[in-house]
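With the sequence up front, the predicted model follows.
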Amino acid sequence: MKNKHFTDARRRLLEKLYDHLNDMQKQAVFTVNGPLLILAGAGSGKTTVLVNRIAYMIRYGNAYMSNEAPDGVTDADTKILENALTLPKEEAAATLDAYIAEADRIPAWSILSITFTNKAANEMKQRLEKMVGSENAAQIWSGTFHSVCIRLLRRFGERIGYPRGFTIYDADDQKRLMTAVIKDSGTDDKMFSPKSVLSYISRQKDELLTPEACAKEAKDYRTSKYAELYKEYQKRLTSANALDFDDIIMQTVRLLREDDDALSYCQNRFRYVCVDEYQDTNHAQFVLTSLISAKYRNLMVVGDDDQSIYRFRGADIENILNFDREISDAKVIKLEQNYRSTKPILDAANAIIKNNQGRHGKNLWTQREDGEKVSLRRLSNQSEEARYIVDTITELKRAEGRSLSDFAILYRMNAMSNNLEGAFNRSGIPYRILGGLRFYERKEIKDILAYLCVINNPSDNLRLKRIINEPKRKIGDATVNAVEELAGYHGLSMFSVMRNASDYPALAKAAPKLTEFTSLILGLQEIAGAENLDVLIDKVLDLTGYRSMLKAISGEEGETRLENVNELISNAVEFTMTHEEASLSDFLEEVSLVSDIDNYDPSAEAVVMMTVHSAKGLEFPVVFLPGMEEGIFPSQLSSYEPEELEEERRLAYVAVTRAKEHLFITHSKERLLYGKSQYNKLSRFVSEIPEELFDTPPEKDLPSRRASDIVISTSKPKPKIADEMLKKPFTPGFVNPAAGKAEHFDAGDVVEHPVFGVGMVISAKSVGPDIMYEIAFDNSGTKKMMGTYAKIKRHIGA
DNA sequence: AGTCAGTCTCCTTCA
DNA sequence: GAGACTGACT
């Protein structure tokens, strides 16, 4: 009984310590052990929960749920805790601290926290530092899927054929490589564009399919050609010791499946795994988290199925929809209280999203009953629309004393920024555009980085080809091709062939130019060994003639490009200052992993514009949504498939829920897009919002919504055969033997489930030690479930 | 090797 | 309507 009194008092005290959270948030924080799904609606304080939960684990372990009291506690101790309830929080916390055994606290190094962007990871680190101290914070493994996987590959990659110095190819590198692959294979590049092949490969890698598996599944000319190109592409990647972004995940999964040491290292170390933005994970990432958390099963995933907007790049919403079905003992907590938006905005968002079928279903509510209605305006064309937005911002700034940083304009596609930009330029209001061409994708930056890559690793043929004649040094395609061929024939890198160019008769004429280039690089290598990064970049610009080339470009363009290059030098200075051993290869790695949104500064005095996709996770007092028209939002391309349309609706939901205080929706009678005039109807998503939420009702002279405009999804879309074919497991050697004594089923078996009834197994694939079945139930649609937990048995009967 | 004119394409994007 | 790419010409 003593124990119970003590643990009750401890619980009450913990509740007090976390009384700045609501009940659901507290539950989420206090649930430390076992599988946990947190469905966090937009603006429901998700990050707060994540940070508080980790801080709680480190400081108090599992104290709230535990019924164990420390040895030798007496009624007097219980009294002390009860008295602490009246103390100020900090003293109360200190009192409780004294009753937590060191062994019961969860060590920071055993926590793995995965986020979606670097920005989210950094934010989290900063907040954690304040709560648990920098020493603890530094021990938590936190980062994006990619950064975590790279750390693992740097450590264990050698075991699966990736020595430490591997490089990462970005989209541009990939495209260059694929262009070469297509050309060399003699494939008709009209039918197989680099873009389409790369996107195919990316989807395959998301699904963990190797080139061999793809070849086996291929059922027609097109798919077998794809598989063939995939195979050659992968071969060249591997021989360059390079990985593309999808490889980073896929090869880490392969590492964990093939190498027991790596797997047990991860499983034993990461006893607590947290994954943010779970609705946007793909199959490979799902398998990765399953593998890592399989031993201790302390897996917490957070996300919002209503904000899943990355289907087009392989995200599988089923991961979050089925989490609690696959893992029957998973606890589910819904965070539905919204702290961000006023009621009209939230009601509008709810009204839109409730039209989706495939969702967990939740209803956001707010205590803020007040708030301005949603503004809806129709303008005659897109210039008028842009002017309306600029005028409104000017007026709100004057009338409400708002700062420019309060305003955001969110659009469906980057092409829409043009008119807005023009209007802002004319008005003189400062603005910033996020997205579009990223800093590190600019040509001059990529060129300089290519120089650095070659200095760092002269056998990087791809980067070498990029800069060999940039600035122009009279080394033409013919010469480059000859070098490449010789390199391939002799099994050497292009650089070493060039270095000894005079040894090859075929290069006799170009030899002086080639050796001049290699001496340049070798000279820069010496500088790299002796000087700081910024000095090196400066020397690269001087000695290669790149700076004088930029200076020679007349007008504004040369200037901006010089500015960009100088910006890169400042980045290098900053990197040198913030990293103790700032090596060239570390810098290159960091650079390849940053994105635009990571650099977004919300306090800058300027209006910000970006796509709705980029705005996920952000919030603004005033939001403008231009172009809410059929064919734009939802986009034309999405209107054919119900699933695509649901994704667009989720995107609209994300857009609306970014606004805190005032939402402006505009649409235009006429819109010039891609050089053609369009006359679009009001977006169906706007029509889904009840009229009373608008300041003025939608204009009636527009053709109103017709029943035929609304695509009604079937309750659970049956899987398409094509998709099933693609989801077959890895090559056989890749698959771990399934553990457990549960009965094993194969595709085609008819099974029975206590809730879902009779169904047929569509696929069975190994996921770590378990098997994931995909079962098409006769009356309940298709479900994915894990073999160990699913209560299925063989169906006996006619 | 470099330039220019004509042709083609065009959603969203993270690491 | 703008940027990327291609092919012919200098």
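Nice, I can see it.

looking at this, A:Pro697 is in a helix?
No - the assignment for A:Pro697 (DSSP: H, G, I helix; E, B strand; the rest coil) gives coil, which keeps it out of a helix.

Isn't it up against A:Glu691?
Yes - at 4.8 Å, A:Pro697 and A:Glu691 qualify as touching, with contact defined as C-beta atoms under 8 Å. Yep, even glycine has a C-beta here, placed from its N, CA and C like the rest.

Skipping its backbone neighbours, what lies nearest A:Val656 in space?
Taking C-beta to C-beta, 6 or more residues apart in numbering, and ignoring the residues beside it in sequence, A:Val656 has A:Ala349 as its nearest neighbour in space, at 4.3 Å.

if I pick the one you found, what's in contact with it?
A:42, A:341, A:364, A:653, A:656-657 (C-beta atoms under 8 Å, 6 or more residues apart in numbering).

A:Ser603 falls within a helix, correct?
No - counting by three-state DSSP, one finds A:Ser603 to be coil, located in no helix.

ok, the closest residue to it other than its chain neighbours to DNA strand B distance?
Across the structure, with C-beta to C-beta, 6+ apart as the measure, the residue nearest A:Ser603 apart from its sequence neighbours is A:Ser405 (6.0 Å). In this structure, A:Ser405 and DNA strand B are separated by 20 Å, where distance is defined by C-beta to the nearest atom of the strand, to the nearest Å.

thinking again about what came up before, what is the nearest of the contacts of A:Ala349 to A:Leu645?
Taking C-beta to C-beta as the measure, A:Tyr653 is the one of the contacts of A:Ala349 closest to A:Leu645, at 12.7 Å.

who in the stretch 601-750 of chain A is up against DNA strand B?
Applying C-beta under 7 Å from any atom of the strand, we find that the stretch 601-750 of chain A lies next to DNA strand B at A:610-611, A:613-614, A:635, A:637-638, A:651, A:674-675.

and those, which are buried?
With burial judged by 16 or more other C-beta atoms under 10 Å, the buried subset of these is A:610-611, A:613-614, A:638, A:651.

follow-up on the earlier one: so which strand or helix has the residue nearest to A:Val656?
Secondary structure from DSSP states H and E places A:Ala349 in helix A:343-353.

Could you do A:Arg466 as well?
According to DSSP H and E, A:Arg466 maps onto helix A:461-467.

Give the next helix or strand downstream of that helix.
Beyond helix A:461-467 on the C-terminal side, the first helix or strand identified by DSSP H and E is helix A:477-490.

Help me see whether that next one makes contact with DNA strand B, please.
Yes - Helix A:477-490 comes into contact with DNA strand B when judged by C-beta under 7 Å from any atom of the strand, the residues involved being A:477-479.

any idea how far the helix or strand following that helix is from the chain center?
Taking DSSP H and E as the definition, the helix or strand that follows helix A:477-490 towards the C-terminus is helix A:494-499. Between the centre of helix A:494-499 and the centre of its chain there are 39 Å (C-alpha atoms, centre = their mean, to the nearest Å).

Now do the buried residues in helix A:494-499.
Here helix A:494-499 shows A:494-495, A:497-499 as buried, counting by 16+ other C-beta under 10 Å.

List just the nearest of those residues to A:Ala582.
The closest of the buried residues of helix A:494-499, once distances to A:Ala582 are taken by C-beta to C-beta, is A:Phe495, at 24.6 Å.

OK, contacts around the nearest residue to the closest one once chain neighbours are set aside?
Sequence neighbours aside, A:Pro458 is the residue nearest to A:Phe495 in space, at 4.0 Å (criterion: C-beta to C-beta, 6+ apart). Taking C-beta under 8 Å, 6+ apart, we find A:Pro458 in contact with A:464, A:493, A:495-496, A:521, A:525.

pLDDT and distance to A:Asn67 for those - can I get that in CSV?
Formatted as CSV, those follow (pLDDT from 0 to 100; distance: C-beta to C-beta, whole Å):
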residue, pLDDT, distance to A:Asn67
A:Leu464, 87, 65
A:Ser493, 87, 64
A:Phe495, 91, 66
A:Ser496, 91, 68
A:Ile521, 93, 67
A:Gln525, 93, 64
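
Switch those over to CSV; also include distance to A:Ser668.
Written out in CSV, the entries for the contacts of A:Pro458 read as follows (distance: C-beta to C-beta, whole Å):
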residue, distance to A:Ser668
A:Leu464, 48
A:Ser493, 55
A:Phe495, 54
A:Ser496, 59
A:Ile521, 53
A:Gln525, 56
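
Which ones, among those, also lie beside DNA strand B?
Among the contacts of A:Pro458, no residue lies close to DNA strand B (C-beta under 7 Å from any atom of the strand).

which SSE is the closest residue to A:Arg311 other than its chain neighbours in?
Residue nearest to A:Arg311 in three dimensions, not counting chain neighbours: A:Glu647, with 5.1 Å by C-beta to C-beta, 6+ apart. When secondary structure is defined by DSSP H and E, A:Glu647 falls within helix A:642-657.

Can you list the buried residues in that helix?
So for helix A:642-657, counting by 16+ other C-beta under 10 Å, buried means A:642, A:644-657.

and if you look at stretch A:70-88?
Taking 16+ other C-beta under 10 Å as the basis for neighbour counts, the residues of stretch A:70-88 that come out buried are A:73, A:77-78, A:80-82, A:84.

Give me the distance between the two termini of that stretch.
24 Å (C-alpha to C-alpha, to the nearest Å).

got the contact list for that stretch?
Stretch A:70-88 is contacted from outside by A:2-3, A:5-6, A:9-10, A:12-13, A:16, A:91-92, A:95-96, A:99-101, using C-beta under 8 Å, 6+ apart.
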